[in-house]
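Engineer: prediction below, plus the sequence it came from.
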Amino acid sequence: MTDGSISAFTLLKNLYSVCLLIFSVVIVMGLIFSGQTKIASEVNPWVAFIVIWAALLWLSMVEGGQGALVGLAPINFDLYKDTHPKTYMSTKIAHVGDNLDRYLLGRQFMVLFIVFSTNMAGAPLPNSQLWGFPDWVITIFLGTGIAMILMTNMIGQLNTQVNAAHCMLDYINSYFAVFTFYVAMAIEFSGLLHSSYVIQIIVGLMAGKNIESNEPPRSGFVLLFFWLRCLASIAILFFCLAVTIEALFAGQTTMWEGVPNGLAVVLFFVLMSVVGLLEGMQIAFFAVTKLRESERGSGVFAKRTCELLFRGDGHNLPGFMIGRQITVTLNFFVIARVTSLNIVPGKGENVFGVSDAMQEFFNTGLLGALITTILASIAWQLVASAFPIAFLSNPIVYVFLVLALLLEGTGVCNGAWVLAAIHKQIAGYQRDEVYIGTAEERAQRNMEDKPVAAGAGHIFKLPGFVDMPEALEALMLNDPTVAEFIRKISQHSELEMVEEESRL
């Protein structure tokens, strides 16, 4: 296939993806202004309109901000604190001690909260109809939630990740980014997610590894306050589970009509497992990218997974990240529908007989967001960070890798690149090298990049859209000494993890 035909094919995928996005936006807005979504019907269509667009805008900063803050962690502050003062306002806090881990924890809940909010604002009510569209159109775009998924992926997630991967300094150089960062830090400080730290400690003990920290051990009041928040978080998590499972068995959620209550409970845990698997996969892939081929495990599926992941020019890795993002978002929306309570307060049907005000709070879907954040996201990521090779030896991981690559290959979300190009042009973003130079140039100025803690207990994710320069790829393929040098200077090398995995 010639380069011209590849470009033409890519252009075709971009075009049909943008058309799908425009159609999805139009029909979701049609649902909202015809009062056929939860917020539009119970509050006001204009409120639903504001909520969904505000949520997507915020999600774009949450997703892009994560890539920027993680990517800037090794960079010396002095290189950009004068040119990008607002970026420095976030990084001077995020890159001290263990604050980056804290931010990532709070940020994970923000993603789920925002997705659940968009679901309430834009997802169709049962038996919704619009403008005389045939049933098959209603089923595909509204019944399955495809319209909402395409909107969320392309507008709120993928396009922002593309720009933030290459323009980290410019992307978070705003007060909006600073505000988003501090909200994530406040969520972590509240203790709502501290049960994740208990899981982190347990995983570390299981792996026989110490959780690396950039701070001294907790003691005195700090230690007491930490464990009090852990206990409170565990209690809240179990209460959320109890409420959600009780509502599922009673058929009091927004689950699709006709699904038996017992099956709804099973579906809930299956979807949580799928999300967890996909979340853990990116952490495990992050770990194995820093290992030699001989160090990536001896299991059949571990080898097959790594061979597929790193095949050819390495484009399968970012390809997986795109397909994974689509699949995870799909599951988030389904989980939101499965776990959001649909009980009218004041009719004596409140879960566990709680007050009407408390039942109204339950109906927001926040309970499902909290459960999903801890049990379907963070817990699996922590396990994968400690046991990456064992994780990849699971045959289901290989199956989901293939599915993610097939989904990405359809080009259904290629419109995100079009949006990213438009956004970059309007915002005037420039690549980070314009401001701080390349890694080699920074080293020559005695401002080389700093190592960042990774491995067991850390949930740093793959830099999904940063491609290695083609010239460097060719040099690595032709000169093994160059490949070895690149491997050695990798900041996140965790070569000892293979020895630990061999004890399992």
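Structural biologist: That came in fine, so what should we check first? Since the structure is predicted, the reported quantities are computational estimates derived from the model, not experimental observations.
Engineer: and stretch 415-427, how far from the chain's centre?
Structural biologist: In terms of CA atoms, centre = their mean, to the nearest Å, the centre of stretch 415-427 is found 20 Å from the chain centre.
Engineer: kindly report the same for stretch 173-186.
Structural biologist: Centre-to-centre, stretch 173-186 and its host chain are 17 Å apart (CA atoms, centre = their mean).
Engineer: could you list the residues in contact with it?
Structural biologist: 58, 61-62, 65, 68-69, 84-87, 89-90, 93-94, 99, 102-103, 105-107, 110, 171-172 (CB atoms under 8 Å, 6 or more residues apart in numbering). In this view, the C-beta of every residue, glycine as well, is placed from N, C-alpha and C.
Engineer: the same query, at a cut-off of 7 Å, please.
Structural biologist: 58, 61-62, 65, 84, 86-87, 89-90, 94, 102-103, 106-107, 110 (CB atoms under 7 Å, 6 or more residues apart in numbering).
Engineer: leaving out chain neighbours, which residue sits closest to residue 249?
Structural biologist: For residue 249, ignoring the flanking residues on the chain, the nearest one in space by CB to CB, 6 or more residues apart in numbering is residue 261 at 5.3 Å.
Engineer: repeat for residue 164
Structural biologist: In space, residue 164 is closest to residue 64, 3.5 Å off (CB to CB, 6+ apart).
Engineer: how deep is that neighbour tucked in, by neighbour count?
Structural biologist: 26 (other CB atoms under 10 Å).
Engineer: contacts only, for it.
Structural biologist: Residues near residue 64 by CB under 7 Å, 6+ apart: 160-161, 163-164, 171.
Engineer: make a markdown table out of those residues and add neighbour count and distance to residue 21.
Structural biologist: Listed next are the contacts of residue 64 as a markdown table, based on neighbours: other CB atoms under 10 Å; distance: CB to CB, whole Å:
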| residue | neighbour count | distance to residue 21 |
| --- | --- | --- |
| 160 | 28 | 15 |
| 161 | 24 | 16 |
| 163 | 23 | 17 |
| 164 | 28 | 20 |
| 171 | 30 | 21 |
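Engineer: tell me which of the contacts of stretch 173-186 is nearest to residue 190?
Structural biologist: Of all those, residue 190 sits closest to residue 106, with 8.5 Å by CB to CB.
Engineer: quick check: the closest one is in a strand.
Structural biologist: No - applying DSSP: H, G, I helix; E, B strand; the rest coil, one finds residue 106 to be helix, outside a strand.
Engineer: now the chain, which segments are flagged as low pLDDT?
Structural biologist: Along the chain, the model assigns pLDDT under 70 to residues 1-6, 207, 209-211, 286-299, 310-318, 385-386, 439-504.
Engineer: SS state for residue 61?
Structural biologist: Residue 61 is classified as helix under three-state DSSP.
Engineer: swap in residue 268?
Structural biologist: Per three-state DSSP, residue 268 ends up helix.
Engineer: which SS class is the closest residue to it other than its chain neighbours?
Structural biologist: Nearest residue to residue 268, sequence neighbours excluded (CB to CB, 6+ apart): residue 338, at 5.1 Å. With three-state DSSP as the basis, residue 338 sits in helix.
Engineer: and residue 338, what is it in contact with?
Structural biologist: So residue 338 contacts 253, 255, 264, 267-268, 271 (CB under 7 Å, 6+ apart).
Engineer: let's see 10 Å
Structural biologist: 244, 247-248, 253-256, 259, 264-265, 267-268, 271-272, 331, 368 (CB atoms under 10 Å, 6 or more residues apart in numbering).
Engineer: likewise residue 188?
Structural biologist: Going by CB under 10 Å, 6+ apart, residue 188 touches 99, 101-109, 194, 196-197, 229.
Engineer: one step back: just the ones of the contacts of residue 64 in helices?
Structural biologist: Among those, the members falling in helices (DSSP state H) are 160-161, 163-164, 171.
Engineer: make a markdown table out of these and add distance to residue 406.
Structural biologist: As requested, the ones in helices among the contacts of residue 64 are exported to a markdown table (distance: CB to CB, whole Å):
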| residue | distance to residue 406 |
| --- | --- |
| 160 | 24 |
| 161 | 20 |
| 163 | 26 |
| 164 | 26 |
| 171 | 30 |
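Engineer: that older thread, in PyMOL, select just the buried ones from the contacts of residue 338.
Structural biologist: Buried subset of those, written as a PyMOL selection, criterion 16 or more other CB atoms under 10 Å:
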select buried, resi 244+247+248+253+254+255+264+265+267+268+271+272+331+368
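Engineer: fine by me, thanks again.
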